[in-house]
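Novice: Have a look; sequence and predicted model below, questions after that.
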Amino acid sequence: MGGPRRAVEPGAAIRSGAEAGGRPREPVSVTMATASDIDRIAELEELAFGPEAWSRDLVAAELTGPDRRYFVAETAGRFQGYAGIFLGLDSAEVMPIAVAPDRQGQGIGRRLMEALLAEARTAGVGQVFLEVADGSAAAIGLYRSLGFEQIGRRRAYYQPSGRDALVMRLTM
């Protein structure tokens, strides 16, 4: 399921999972990411994931790679988050997702996940997989509320922290 991921610290990265139905203060615009978004995605990646963040070069390669779709979220013209998905032949994998720390818990992560799942439906995949750091209650809560179920665990998956990842699946 793709390369190593970073841990999503509780209250740190996916932060829309904290939303559990929260509503953004302003309308959220979710659009397809472009090459012009690389720098701001890489900056939020570093802020959200610290030593486990992908490099700017890896973010650029991922954003422009085949069978990948990345989205950015903005409110009032301000960048608030991003999310990506890899679309395989019969399944998809959620890639990084992060929301600006000051906007977590406001529904932005949910909106990004809904965009990813819409892409998966359009592509006709049967299942969507993801890894999430064990203990990331907000992220896990968001994923469960969208219908994901835990199907496994990857020991010491996140590096350099050594945290475990829960493997989750959504059957479309």
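Specialist: Perfect, I can see it now. Residues are numbered from 1 along each chain as shown.

Novice: Quick check: beta-bridge partners of the nearest residue to residue 157 once chain neighbours are set aside?
Specialist: In space, and not counting its chain neighbours, residue 157 is closest to residue 165: 3.7 Å by Cβ to Cβ, 6 or more residues apart in numbering. (C-beta placed from N, C-alpha, C; glycine too.) Assessed by DSSP bridges, residue 165 has beta-bridge partners residue 133, residue 154.

Novice: Double-check residue 165 against residue 151; I have them as touching.
Specialist: No: taking Cβ atoms under 8 Å as the definition, residue 165 is not a contact partner of residue 151, at 11.8 Å.

Novice: between those two, who's got more neighbours?
Specialist: residue 165 (24 against 11; other Cβ atoms under 10 Å).

Novice: dump the residue contacts of that one.
Specialist: Taking Cβ atoms under 8 Å, 6 or more residues apart in numbering, we find residue 165 in contact with 5, 7, 131, 132, 133, 134, 153, 154, 157, 158.

Novice: Closest one of the residues you listed to residue 60?
Specialist: Of all those, residue 5 has the smallest distance to residue 60: 17.4 Å, by Cβ to Cβ.

Novice: Tell me how far the residue of the chain positioned farthest from its centre lies from residue 103.
Specialist: In the chain, the residue that sits farthest from the middle, by Cα atoms, centre = their mean, is residue 76; the gap is 21.5 Å. Going from residue 76 to residue 103 by Cβ to Cβ, to the nearest Å gives 11 Å.

Novice: Need the contacts of residue 165 in TSV (columns: pLDDT, distance to residue 49 and neighbour count).
Specialist: What follows is the contacts of residue 165, written out as TSV (pLDDT from 0 to 100; distance: Cβ to Cβ, whole Å; neighbours: other Cβ atoms under 10 Å):
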residue	pLDDT	distance to residue 49	neighbour count
5	36	9	23
7	33	7	26
131	95	13	25
132	94	13	28
133	90	10	25
134	93	16	18
153	97	20	12
154	96	17	16
157	92	13	21
158	88	9	23
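
Novice: Low-confidence bits of this protein, can you list those?
Specialist: 1-25 (pLDDT under 70).

Novice: Do you have the strands of it handy? List them.
Specialist: 28-32, 68-75, 78-87, 91-99, 127-133, 149-154, 165-171 (DSSP state E).

Novice: related to what we said a few turns ago, who touches the residue farthest from the centre of the chain in this structure?
Specialist: residue 26.
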